[in-house]
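1. heads up, no residue letters with this:
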């Protein structure tokens with residue numbers, strides 16, 4: 001979690017596509033996944049995503065997070081976010097079971113761990129498939145099987161955290177469009193999509209699509225920020241959702 005936030009923060013620092021009002025903790029996490037995915041795809045042209053590559057990526061992300069955290073003026077806010085999401089993610093994953101998508105696509109995840117992209121052969125269950133499987137392989141450590149399922153529960157928990165925060169803020173600002181969309185998104189994800197075994201490789205893309213919809217409603221329909229900035233972020237999120 002911290003490692004991904006580290007990569008997300010460096011994405012923030014060197015891309016100037018936001019206004020301050022658009023920044024959310026969840027966007028930092030999603031950007032981290034996006035940047036790690038791009039870097040790892042380039043690495044996988046030459047090397048398998050083995051334990052050395054995985055450990056290196058995680059450690060680099062942690063170093064980046066610590067470096068930027070020490071310069072952050074909102075340390076308490078960042079720590080609160082990490083603690084709440086970690087706890088929610090743990091409880092959510094612990095009581096929810098496991099989706100059979102991961103057993104179905106397990107060989108694909110191992111392929112990325114053991115082969116470079118040119119060595120992978122295509123088959124019905126073994127191919128390149130979803131980018132989510134690729135990202136899962138980056139953080140999958142063979143000796144710790146639970147690492148296979150961490151990303152999904154983190155993304156779900158961050159979505160709940162950010163959506164509730166947007167809902168609360170929208171009510172205070174009397175931004176009723178975004179409050180309504182956020183409220184029904186929370187009802188849907190907490191009341192319907194609330195078991196981890198229902199969230200396979202398809203739902204991370206669905207979560208990103210809902211996240212983008214909420215941002216568009218809040219910041220575009222209510223004229224909160226510059227349209228070009230929102231377009232770039234929306235394009236990034238929808239593209240990421242599509243490859244997932």
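-> Okay, I see it. In this text the structure is predicted, and so the values were computed from the model without any measurement.
2. ok, residue 192 - how many residues close by?
-> Look at residue 192: counted by other C-beta atoms under 10 Å, it has 9 neighbours. (Glycine included, C-beta is placed from N, CA and C.)
3. what comes up buried for stretch 54-72?
-> 54, 57-58, 60-61, 64-65, 68-69 (16 or more other C-beta atoms under 10 Å).
4. Let me fix that, I meant to ask about stretch 70-86.
-> For stretch 70-86, using 16+ other C-beta under 10 Å, the buried residues are 78, 81-82, 85.
5. From the rest of the structure, what touches it?
-> Defining contact as C-beta atoms under 8 Å, 6 or more residues apart in numbering, one finds that stretch 70-86 is touched by 1-2, 5, 25, 69, 154, 157-158, 161.
6. Show the average pLDDT along it.
-> Stretch 70-86 carries an average pLDDT of 86.
7. Repeat that for stretch 214-227.
-> The average pLDDT for stretch 214-227 rounds to 71.
8. Could you do stretch 26-33 as well?
-> The average pLDDT within stretch 26-33 is 88.
9. Check stretch 141-150 too.
-> 75.
10. Name the nearest residue to residue 85, sequence neighbours excluded.
-> Distances taken as C-beta to C-beta, 6 or more residues apart in numbering place residue 157 nearest to residue 85, at 4.9 Å, with adjacent residues excluded.
11. Which helix or strand contains the residue nearest the centre of the chain?
-> Residue closest to the mean C-alpha point of the chain, counted by C-alpha atoms, centre = their mean, is residue 30 at 3.9 Å. Using DSSP states H and E, residue 30 maps to helix 25-44.
12. Assign a three-state SS to residue 208, would you?
-> Under DSSP: H, G, I helix; E, B strand; the rest coil, residue 208 falls in the helix class.
13. how close does the spatially closest residue to it that is not a sequence neighbour get to residue 12?
-> Excluding the flanking residues, the one nearest residue 208 by C-beta to C-beta, 6+ apart is residue 241, at 3.9 Å. Taking C-beta to C-beta, to the nearest Å as the measure, residue 241 falls 20 Å from residue 12.
14. I'd say residue 120 and residue 109 touch.
-> No: using C-beta atoms under 8 Å as the test, residue 120 is too far from residue 109 to be in contact (11.4 Å).
15. and after the helix or strand bottoming out on mean pLDDT in the chain, which helix or strand comes next?
-> Scoring the helices and strands of the chain by mean pLDDT, DSSP states H and E places helix 101-104 at the bottom, with a mean of 66. Sequence-wise, the next helix or strand downstream of helix 101-104 (DSSP H and E) is helix 106-114.
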